[in-house]
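Q: fold the following, please.
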Amino acid sequence: MKILKVIHGYPMRYNAGSEVYSQTLCHALAKRHEVHVFTREENSFAPDYQLRMERDADDPRVTVHVVNNPRLKDRYRAVEIDRRFAEVLDVVSPDVVHVGHLNHLSTSLLREASLREIPIVFTLHDYWLMCPRGQFMQMFPKDPNNLWAVCEGQEDRKCAERCYARYFSGALEELDIDTAYWTNWVARRMRHVREMAELVDVFIAPARYLHDRFRKEFGLPESKLVYLDYGFARARMAGRCRVASEPFTFGYIGTHIPAKGIQDLIRAFSLLRGEVLLRIWGRPKGQDTCALKCIAASVPTDTMGRIEWLPEYKNQEIVRDVFDRCDAIVVPSVWVENSPLVIHEAQQARVPVVTANAGGMAEYVCSPPLE
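A: Numbers count the residues shown, from 1 in each chain. All right, here's what the predicted structure looks like:
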């Protein structure tokens, strides 16, 4: 079978959860199928929408088709990306298209697969189809002290006021004009996304929480929506051997952004006493990483000296580089994640997980699963 995987980023260029999961899935599928990937890069020195081909550096059986999108990544539609995708479809002639994410690509590329009568499977990794920003987090909440407040549900005007206000002119006399424009923009985006969702044959929700929310709030029909947990290469997580003679160590894996709650983790860790460490793995993110280190330095304890900032790791080496070096993994996200990859990986390596009692995070930690 020929499989074309669509994902908005691919390791090591992009190394967050859905990207990492997509790569491991492609590696497993390549043992029995011909696997292609359609993804993006952001090369400001190359023309927009340039398409090139490369091999997965970790598994050359996987062919990666990379479209360049350095300037228009905030759009949800891009006709030229649709055209590049159509070119790949015509060359590869896949038996199925499996979508992991369309952000930074183009929602309407689904139409190209549908026009060719190619079945479309769509794995839901977050809320991006029903939340333009994907996480139901507000950038401009009513309470300015409640940074990154949780949003209870999608509403066109609320999206404009609480998230897209960053595009407002800032002039008070133009507030109504800006609000009306972005309210209309969000409404058009949501109508289009719903039209594209109708072209999908099957949606996979890797958490029951996500399944129920997309059914109730977005209206996906039961006939198209199934709950199916992620699949894993279990052998890759075997053989954990904790490094001896180290203090009890908490570990964090992920990006350095507020929605991940890493700032809360640092403050909570500062309350601990005794011989204990916190190791933070991840790619530095400019000013955000600097700000987090400032938070660690500002708490009234010796916290800074007990936190180690470690570089990004190759996912194939996660046991040796991460799980051998910590006693518990903390997932402190303040947005309601659905089925975090790190929780599954830690549990497979027999590493305890500390996380919030919410959404898919609690679903895969609490026993029995929350209803």
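Q: which residue ranges make up the domains of this structure?
A: Using automatic domain parsing, the domain parsing of the chain gives 2-123, 137-185, 235-363.
Q: nearest to Arg208, out of these?
A: Shortest separation from Arg208 across those is recorded for domain 235-363, at 6.2 Å, computed as C-beta to C-beta. Just so you know, the C-beta spots here come from the backbone N, C-alpha and C atoms, and that holds for glycine as well.
Q: show the average pLDDT along the closest one.
A: Regarding domain 235-363, the rounded mean pLDDT is 90.
Q: just to revisit the earlier point, reformat the domains of the chain as CSV; add mean neighbour count.
A: As requested, the domains of the chain are exported to CSV (neighbours: other C-beta atoms under 10 Å):
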stretch, mean neighbour count
domain 2-123, 19
domain 137-185, 15
domain 235-363, 17
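Q: got the ones you listed as TSV, with distance to Ser223 columns?
A: Below are the domains of the chain laid out as TSV (distance: least, C-beta to C-beta, whole Å):
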stretch	distance to Ser223
domain 2-123	14
domain 137-185	23
domain 235-363	21
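Q: out of the ones you listed, which gets nearest to Tyr209?
A: Using C-beta to C-beta as the measure, domain 235-363 is the one of those that comes nearest Tyr209, at 4.7 Å.
Q: only alpha carbons, please: show the longest helix anywhere in the chain as CSV.
A: With secondary structure taken from DSSP state H, the chain has its longest helix at helix 175-197. As requested, the backbone C-alpha atoms of helix 175-197 are provided in CSV (Å, rounded to 0.1, in the frame of the first residue of the first chain):
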residue,chain,number,x,y,z
LEU,A,175,-11.8,49.0,18.0
ASP,A,176,-15.3,48.2,16.6
ILE,A,177,-14.0,48.1,13.0
ASP,A,178,-11.2,45.8,13.9
THR,A,179,-13.4,43.6,16.0
ALA,A,180,-16.0,43.3,13.2
TYR,A,181,-13.3,42.4,10.7
TRP,A,182,-11.7,39.7,12.7
THR,A,183,-15.1,38.3,13.8
ASN,A,184,-16.0,37.9,10.2
TRP,A,185,-12.6,36.4,9.4
VAL,A,186,-13.0,33.8,12.1
ALA,A,187,-16.5,33.0,11.0
ARG,A,188,-15.3,32.4,7.4
ARG,A,189,-12.5,30.3,8.7
MET,A,190,-14.8,28.1,10.7
ARG,A,191,-17.3,27.7,7.8
HIS,A,192,-14.5,26.6,5.5
VAL,A,193,-13.0,24.2,8.0
ARG,A,194,-16.4,22.5,8.5
GLU,A,195,-16.7,22.1,4.7
MET,A,196,-13.3,20.5,4.6
ALA,A,197,-14.1,18.2,7.5
